[in-house]
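Asker: have a look; sequence and predicted model below, questions after that.
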Amino acid sequence: MVRWTDTKVAIVLLTPLFILNFGLSIYPMAYSLYLSFHDINLFLNKFEFVGGLQYLKLFDDKSYIEATMVTIRFVIDSTVLVLFLSIAIALLLNRAFTGQSIMRVIVIMPWALSEFAAATAGRYLFNGSYGFVNAILYRLGLIEKYIDFLGSPYVVELLAFMYAWHLAPLGVFFILAGLQTIPEDLNKQAKIDGASFFTRFRVVTLPFIRYAVIMTGIIATIESARTADMIIVMTGGGPGTSSQTITFYIYKVFFRGLDLGYGAAGSWLLMVGLIIAITSYFIVISKRRRVMQY
Amino acid sequence: MAKPSKYLVYLALILVAFYSLGPVYYIFIVSISWPKDVIKIPSPLIPNDPTIANYMRIFGYGAIDPMGNPLRPAGQYRELIRGMINSAIIGVPVTIITTAVVVPAGYVLGRYRVKAKNALIAILFGSRTIPPVSLLVPFYAFYVMTGLRGTYIGLILVHLTITIPLMTWILMGYFATLPTDLEKSARIDGCGRFSTFTKVAIPLAKPAIASTAILTFLYSWNEFLYGMLLSGGAEVQPFTPFLTTFFQNITVETSMAAAAMMTNITPAILVAAVLQRYITSIKIIDPGTVVI
């Protein structure tokens, strides 16, 4: 008879997760690392070990470097927008008003949609021949001709706007949960003491939602660096290559030439960049926390 | 002082509602407009002559426009319906497998004090940071070699890479915040660890488990990139990735494309309505109760 200890029960209950998560994410990633050291051509049946050549090629590849700059711009834009929108909307929803639950359904809806749907919505919004934004501006008399927004130099910002539209609701509900833990008296007391809105936000509100805000920032960074769907569907990397992110570039390399080795190397470089970004986030946060304790 | 600020709140709420719904509202408007009205300048903000013709045409029925001209059904309506069926064939097993894996795992990670827990959580969170395109390359190579490309099993497996880490994460947070009193008294009454889990914890967590299952199906339904590149043609292609092919078809007018898009996002709208009650109780919200 086996004596079931916590650890044994835990192992049994975790086994399926282990097998599936390990088999479906970690093994493929290791396999992709292996592929990244090879020159592969599925059409010619070529599979040749080339060492670090694919990585060296990346550093020489103007398109990859350009894509890196676009990715950084897109990630910063999206993260800033997500943080701003989710804090603002959460503060609004935290007030008492009639129609709370219907408002919550409305706010969460963009998150329930797929990135594909968000990107398609972006096309309908900014399209140059039947777009929603054009229709509104035209009626208001602000423009005389329809503008092709998706062909403008600010296309990365438009992508970030749509991405933030899709992702911000998650942050709203993170932060809202934090806001609801603030004791009612604290805010009232601060008001009586004559603290302004911004002081109250900094002194009373922020400590309660700090963790949620940080989580939102991290998630927004990771998710926006990961996405390819948004760019594929909304702009196709265009106009030209001006909205081509790393993920989109890998997709293109992969789709055009089935150059699996190069694609794998490109995605590993992206992963390393992401890990560095996230780690430095955590380091900054934990340093800050240590300072605050003293 | 109090009164104008109240109006300001409602004004802000209206703005937020417009911001959240605007894009979808416009797709909806286009989807119930006649094709020739869509390309007018300025485009309609409210349709003066709403119609369901676009929806009929994407499901293979003809229609007659206001001028009396017949409109033919969409060219690829068979593939569109096939795509919806495929999405269900893939989504149901994905939901069942994910739930079966994630409920015990979430329970252990949320409740138990296990030595390697932080490392496990790091791996889980780590696998969430892998860009989907990065997995695409090894999966594609592997699928070509094993012949899994263009099969339902291949797509089900790849959908699990998205749903399992995410749903474990959500349920882990939920179990961590669930009160432990009932489980403790069950243990004192002589319930074993396993039966505490199956007879006490699972019934308690039923709403959260149901929400997780619904969300899993939604994620599978919404998935786009893998479905497009690993399905190898229309045969097993799910609904969402099929839409890119559908949109590129030159016989598909903007209004028909909008109708197809609305059909595609209807489940998401329903889910949003169902889940809002649980969304604050299933702590997607604060995985930090576990991590820190």
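Answerer: Good, I have the coordinates. Residues are numbered from 1 along each chain as shown, chains lettered A, B, ... in the order given.
Asker: which helix or strand lies directly C-terminal to the host helix or strand of residue A:188?
Answerer: According to DSSP states H and E, residue A:188 maps onto helix A:184-192. The C-terminal neighbour of helix A:184-192 among helices and strands, as given by DSSP H and E, is helix A:197-200.
Asker: buried stuff in that following helix?
Answerer: Using 16 or more other CB atoms under 10 Å in any protein chain shown as the burial criterion, the residues of helix A:197-200 that qualify are residue A:200. In this view, the C-beta of every residue, glycine as well, is placed from N, C-alpha and C.
Asker: what mean pLDDT does that helix have?
Answerer: Computed over helix A:197-200, the mean pLDDT rounds to 82.
Asker: from the contact counts, what lies against it?
Answerer: Contacts defined by 3 or more CB pairs under 8 Å, 6 or more residues apart in numbering or on different chains; DSSP states H and E place helix A:197-200 against helix A:184-192.
Asker: longest helix in the chain, by residue count?
Answerer: No chain in the question, so chain A it is. helix A:260-293 (DSSP state H).
Asker: try again with chain B
Answerer: Chain B, longest helix under DSSP H: helix B:77-111.
Asker: centre of the chain to that one, how far?
Answerer: Relative to the centre of its chain, helix B:77-111 is centred 10 Å away, using CA atoms, centre = their mean, to the nearest Å.
Asker: after the helix or strand hosting residue B:218 comes which helix or strand?
Answerer: Following DSSP H and E, one finds residue B:218 within helix B:206-222. Sequence-wise, the next helix or strand downstream of helix B:206-222 (DSSP H and E) is helix B:225-229.
Asker: show me what the helix or strand just after that following helix is packed up against.
Answerer: Where DSSP H and E defines the elements, the next helix or strand beyond helix B:225-229 is helix B:239-248. With contacts defined as 3+ CB pairs under 8 Å, 6+ apart, helix B:239-248 has these neighbours: helix A:115-126, helix B:77-111, helix B:206-222, helix B:225-229, helix B:254-279.
Asker: coming back round to it: by how many degrees do the longest helix of chain B and helix B:206-222 diverge?
Answerer: 140 degrees (axes from the mean of the first three to the mean of the last three CA atoms, to 10 degrees).
Asker: can you map out the helices along the stretch 101-250 of chain A?
Answerer: Assigned by DSSP state H, counting those that start in this stretch, the helices in the stretch 101-250 of chain A fall at A:115-126, A:132-139, A:155-179, A:184-192, A:197-200, A:206-226, A:229-234, A:246-257.
Asker: which other helices and strands does the second one contact?
Answerer: The one in question is helix A:132-139. Short answer (3+ CB pairs under 8 Å, 6+ apart): helix A:132-139 packs on helix A:115-126, helix B:2-31.
Asker: most neighbours per residue, which of these?
Answerer: Most buried of the helices and strands packed on helix A:132-139 by mean neighbour count (mean count of other CB atoms under 10 Å in any protein chain shown) is helix A:115-126; its value is a mean of 25.
Asker: quick one: that helix to chain centroid distance?
Answerer: 16 Å.
Asker: how about stretch A:93-112?
Answerer: On the basis of CA atoms, centre = their mean, stretch A:93-112 sits 22 Å off its chain's mean C-alpha point.
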